[in-house]
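In: sequence plus predicted model, see below.
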Amino acid sequence: MAQQSEHKWGMVIDLDKCIGCQACVIACQAENNVPLNTEEIFNQKRAIEWIRVERYWEGEFPNVKARFLPVLCQHCENAPCEPVCPVYATYHNQEGLNVQVYNRCVGTRYCQNNCPYHVRFFNYWTPQWPESLRNQLNPDVTVRSRGIMEKCTFCIQRIRRTTRNAKREGRKLEDGLLQPACAQACPTSTLTFGDLNDPDSKVSQLAKNSRNYKLLEKLGTDPNVIYLKKVDPKAAEELHA
Amino acid sequence: MNRITAILRNKRMLKILIPVIGLGGLAATAVVVLIVVFVLRAWWGLPLPILGYGEGPDQPIAFPHTVHVEQIGLDCTFCHRNVTKGATAGIPPVQQCMFCHIIAGDGKPEVEKLRTAFANEQPIDWVRVHRLPDHVRFIHEAHISFFSQKNNIEPSAVCSTCHGDVGGMTKVKQVRSLKMGDCVNCHRDYDAPTDCLTCHY
């Protein structure tokens, strides 16, 4: 029974605030049972990072500046990964989430090839954790086995838990109550998560900012993750001068 | 070859051979069919209740639900306290058993096992009866609150929908297949969400 949901989850990433500390990456890794990325795995370009912070250098040596760009699954409305899946393991649900169904996935990796953002990851090996981390795994998240795709879920386990608790206690889901691990860990509140259907929510307000843009917008994927451009003080000075 | 043709030419030998081969073939077919039916039944639902598959596993302490539920009249939620609050129903800790068994059940060998475990601070390795695959998130609390509100009944009256009459079982066994078809049929009946992301994440 397909029911139209009242929520449409989205995220705003204010690049002016990002300091590139990688706290979001670590928080995501811990929350979602993402396997450990060793140097060897990284060099094979098979590392799994549901969110990563891309670093760019701007300018020539003495006046060089580091620019950071956190990239996670954009939860596109027109997701290129979805139509290529032969077993419907990835689809768009009513809450605006791009869903990966682990038990349907057969590991063709078509979705990974078709994703312009490189945010889908394949489990080339059975994930293994050292004995000391055995009890660290999150019981609310499936541990993905070898041979299937995985990607950012906007911490669906938190969305489910918070909505369930709100429903049981008979209250409305407040804005800001619900945060994925990355947004919660961010020390500068670069990442803001919320309901884009609610015009008063913080994300909806931030999304209206004139600095807004979407990654690779020309591809027409219509992402639910909105970026706010970095404020360049020099350019602003020139503009006002 | 010659010996076989010699036997086949001997009419008296044939009279014995033909029924032997025929009956042997029938018996073999029956065994194969039985195995196939058994495997398919176990695959689609619960295994046939033969060869001990109809009963639950042996537990380290032969805990009789009949005594606690039918005779004493305890509520399910009295021991499985997490069922109305969280995802799992939960097995009560040994200490919770000792609330009563510190005085109740003197001289019974199974109760003595419990007391020894408590004295040695050892957990009891209960054998799990109901287990869902790792990629399924079943939330007890959501189901309990839905049915108890809908039918206006006590939370403990909901449990039997899936677990059967546990109060009448000396050894707990699984009564429903609890396969995905079982879940989805019920979700359709009660207009519950059937989005994959409801249970698989």
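Out: That came through fine. Worth saying up front: this structure is predicted, and the values here are computed from it rather than measured. Numbers count the residues shown, from 1 in each chain, chains lettered A, B, ... in the order given.

In: the most centrally placed residue in chain A bridge partners, please.
Out: Nearest residue to the geometric centre of chain A (C-alpha atoms, centre = their mean): A:Leu72, 3.4 Å. For A:Leu72, the beta-bridge partners are A:Ile51 (DSSP bridges).

In: which SSE is A:Gln29 in?
Out: A:Gln29 is part of helix A:23-31 when elements are defined by DSSP states H and E.

In: who touches that helix?
Out: By C-beta atoms under 8 Å, 6 or more residues apart in numbering or on different chains, the surrounding residues in contact with helix A:23-31 are A:34, A:36, A:49-53, A:70, A:72, A:136, A:138, A:141, A:152, A:155, A:180-187, A:191. In this view, the C-beta of every residue, glycine as well, is placed from N, C-alpha and C.

In: switch to 10 Å and redo it
Out: Contacting residues not belonging to helix A:23-31 are listed as A:13, A:18, A:22, A:34-37, A:48-53, A:70, A:72, A:133, A:136-138, A:140-141, A:152, A:155, A:157-158, A:180-188, A:190-191 [C-beta atoms under 10 Å, 6 or more residues apart in numbering or on different chains].

In: over to stretch B:62-75?
Out: For stretch B:62-75, the external contacting residues (C-beta under 10 Å, 6+ apart) are B:76, B:78-79, B:97, B:100, B:104-105, B:109-110, B:113-114, B:124, B:126, B:154-157, B:159, B:165-172.

In: repeat the analysis, applying 8 Å as the threshold.
Out: Applying C-beta under 8 Å, 6+ apart, the external contacts of stretch B:62-75 come out as B:76, B:79, B:110, B:154, B:156, B:166-172.

In: keeping just the C-alphas, turn stretch A:43-54 into CSV.
Out: In CSV, the C-alpha atoms belonging to stretch A:43-54 read as follows (Å, rounded to 0.1, in the frame of the first residue of the first chain):
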residue,chain,number,x,y,z
ASN,A,43,45.0,2.4,-2.7
GLN,A,44,42.9,-0.1,-4.6
LYS,A,45,40.2,2.6,-4.7
ARG,A,46,37.8,0.3,-3.0
ALA,A,47,37.4,2.2,0.2
ILE,A,48,33.9,2.7,1.5
GLU,A,49,33.0,6.2,2.7
TRP,A,50,29.3,7.0,2.7
ILE,A,51,30.3,10.6,3.2
ARG,A,52,33.7,12.0,2.2
VAL,A,53,35.3,15.4,2.4
GLU,A,54,36.9,16.4,-0.9
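
In: list the buried residues for that stretch?
Out: Neighbour counts over stretch A:43-54 (16 or more other C-beta atoms under 10 Å in any protein chain shown) mark A:47-53 as buried.

In: and which of the residues you listed is nearest to chain B?
Out: A:Trp50 (13.1 Å; C-beta to the nearest C-beta).

In: returning to what we had before: any idea how far the helix or strand just after the helix holding A:Gln29 is from the chain center?
Out: Next in sequence after helix A:23-31, counting helices and strands by DSSP H and E, comes helix A:39-43. Chain-centre distance of helix A:39-43: 22 Å, with C-alpha atoms, centre = their mean, to the nearest Å.

In: domain parsing of chain B, as residue ranges.
Out: Listed domain ranges for chain B are B:2-44, B:58-91+B:132-201, B:92-125 (source: automatic domain parsing).

In: for the residue nearest to the centre of chain A, what are its contacts?
Out: Residues in contact with A:Leu72, defined by C-beta under 8 Å, 6+ apart, are A:11, A:28, A:50-52, A:119, A:152, A:182, A:225.

In: now with 10 Å, please.
Out: Taking C-beta under 10 Å, 6+ apart, we find A:Leu72 in contact with A:11, A:13, A:24-25, A:28, A:49-52, A:117, A:119, A:151-152, A:154, A:180, A:182, A:191, A:225.

In: buried subset of the residues you listed?
Out: For the contacts of A:Leu72, a burial check counting by 16+ other C-beta under 10 Å picks out A:11, A:13, A:24-25, A:28, A:49-52, A:117, A:119, A:151-152, A:154, A:180, A:182, A:191, A:225.

In: so where's chain B uncertain?
Out: Counting by pLDDT under 70, chain B shows low-confidence ranges at B:1.
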